[in-house]
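Trainee: what shape does this take:
(chains A and B)
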Amino acid sequence: SAVISQKPSRDICQRGTSLTIQCQVDSQVTMMFWYRQQPGQSLTLIATANQGSEATYESGFVIDKFPISRPNLTFSTLTVSNMSPEDSSIYLCSVEEGLAGPGELFFGEGSRLTVL
Amino acid sequence: GQQVMQIPQYQHVQEGEDFTTYCNSSTTLSNIQWYKQRPGGHPVFLIQLVKSGEVKKQKRLTFQFGEAKKNSSLHITATQTTDVGTYFCAGRSNYQLIWGAGTKLIIKP
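Mentor: Predicted coordinates:
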């Protein structure tokens, strides 16, 4: 199974600033996913990061607010821009593994973001 | 839109009692996955069910996928303190993964 390193693990940020979260995978993967998980809630998919093309965003999430980079098959970044307290959440990077077709997800440890 | 309803939201049990969480989809699923998230941790994959009526066991955990591929359950026999956490189902439909709200298992002291 893939090993995913995510950083920072946590941060406290001021309103109006931006933070970039990094996700490094120990193997090449086609698709990487960015999720948000608010306290006590389920996971919400922000976007799918594809290497060599623009990320695909889910309804309610836009590129200006959550720009994503995917420079190669093992690395991706998610930026949370112009933060407000409503952006306080855990952000999770994940990859999918399956022998044939979509399979299970493996997650990074998460980045716990608090916006003051 | 497509939804996967998961109940209950919380379940308090005495150690040694059983625990069950249920997921029900508004649409037929191609498969369903189960994840466990320990407090302060990230979701960890437990199992994937693909076939109609499928039942799989992992030690004290039993997973079922309904005949219509719209519902699923996870049953834990004789809970232990290591079972504490939130259990999520995630159903796949049209290549989308739809997450349930999760059931938090709490062991009473």
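Trainee: spatially central residue for chain A, please.
Mentor: Against the mean C-alpha coordinate of chain A, by CA atoms, centre = their mean, the closest residue is residue A:34 at 3.0 Å.
Trainee: which residues does that residue form a beta bridge with?
Mentor: Applying DSSP bridges to residue A:34 gives these bridge partners: residue A:47, residue A:93.
Trainee: for it, give its distance to chain B.
Mentor: Distance, residue A:34 to chain B, using CB to the nearest CB, to the nearest Å: 13 Å. Just so you know, the C-beta spots here come from the backbone N, C-alpha and C atoms, and that holds for glycine as well.
Trainee: where does pLDDT dip in chain B?
Mentor: By pLDDT under 70, chain B contains no weakly predicted segment.
Trainee: let's go with 90 and repeat that
Mentor: B:1-2, B:94-96, B:109 (pLDDT under 90).
Trainee: show me which residues of it are close to chain A?
Mentor: Residues of chain B lying close to chain A (CB under 8 Å from any CB of the partner chain) are B:33, B:35, B:41-45, B:48, B:88, B:90, B:92, B:95, B:97, B:99-102.
Trainee: spell out which parts of chain A neighbour chain B.
Mentor: So chain A meets chain B at A:41-45, A:92, A:102-110 (CB under 8 Å from any CB).
Trainee: next, residue A:40: secondary structure please.
Mentor: coil (DSSP: H, G, I helix; E, B strand; the rest coil).
Trainee: per-residue confidence at it?
Mentor: We note a pLDDT of 90 for residue A:40 in this prediction.
Trainee: roughly how far apart are it and residue B:79?
Mentor: 21 Å (CB to CB, to the nearest Å).
Trainee: more neighbours: which of those two?
Mentor: Neighbour count, other CB atoms under 10 Å in any protein chain shown: between residue A:40 and residue B:79, residue B:79 has more, with 20 against 10.
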